[in-house]
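Trainee: got a predicted model here, sequence first, then my questions.
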Amino acid sequence: MVQNRYLIVDLAFLTMRCLGDIMNKIIALLSVFLLLLAPLTRAETLYIIAHKGVFSTQKDKKEIADFYLLKLKINADGQNVIPINLPFNHPLRSKFSLSIFNRSPEALSEYWDRMSFRGVKPPVIQSSEQAVMLFVSRVNGAIGYVSKKPSEKLNIDVLGEIIL
């Protein structure tokens, strides 16, 4: 009887040791997998861009928000600023809105409904990031946001970078 108890205890310890070895191998494999996957999941950057020369300095989130909410409409030189948005359902617009306003585009629609009663139209919408870059490079006073840093050949300044 006592011998059977020792046999059961020995089997239990042996089973736990085998399971422990298997778990250690699984954890090691998962660690290697995550290390290999890490470069693919790097942080995304949002670039706030403007037509070259619109601003002489980089802008912080509050200033960008004020231009996009049309609380500020001119720069320090008295030039009109034209904010450009991506379409309402574009994923980058959601990221921009959450980053700059701490609100979704849906939450901001209420703000624009109130503003439209005052005769204030929301920012111009461009259909893609490429269209935003093209518009900003060609229209004096335009500002926008994109996920890829614009080429230095374009007539665009980067006002800021936001890591998402």
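Mentor: In hand now; what should we look at?
Trainee: from here on, just use CA atoms for contacts and neighbour counts.
Mentor: OK.
Trainee: can you map out the strands along this protein?
Mentor: 45-51, 82-85, 124-125, 142-146, 156-163 (DSSP state E).
Trainee: paired strands for the shortest one, with orientation please.
Mentor: Just to be clear, that refers to strand 124-125. Applying DSSP bridges, strand 124-125 is found paired with strand 82-85 (parallel).
Trainee: okay, buried residues for stretch 92-112 please.
Mentor: Across stretch 92-112, burial judged by 16 or more other CA atoms under 10 Å covers Leu92, Arg93, Ser94, Lys95, Phe96, Ser97, Ser99, Ile100, Phe101, Ser104, Pro105, Trp112.
Trainee: scratch that, stretch 117-135 is what I was asking about
Mentor: Buried-residue list, stretch 117-135, by 16+ other CA under 10 Å: Pro122, Pro123, Gln126, Glu129, Val132, Met133, Leu134, Phe135.
Trainee: same deal with stretch 157-164?
Mentor: Asp157, Val158, Leu159, Gly160, Glu161.
Trainee: centre of the chain to it, how far?
Mentor: Stretch 157-164 has its C-alpha centroid displaced from the chain centroid by 10 Å (CA atoms, centre = their mean, to the nearest Å).
Trainee: quick one: contacts of it?
Mentor: 43-53, 55, 57-60, 95, 99, 149-150 (CA atoms under 8 Å, 6 or more residues apart in numbering).
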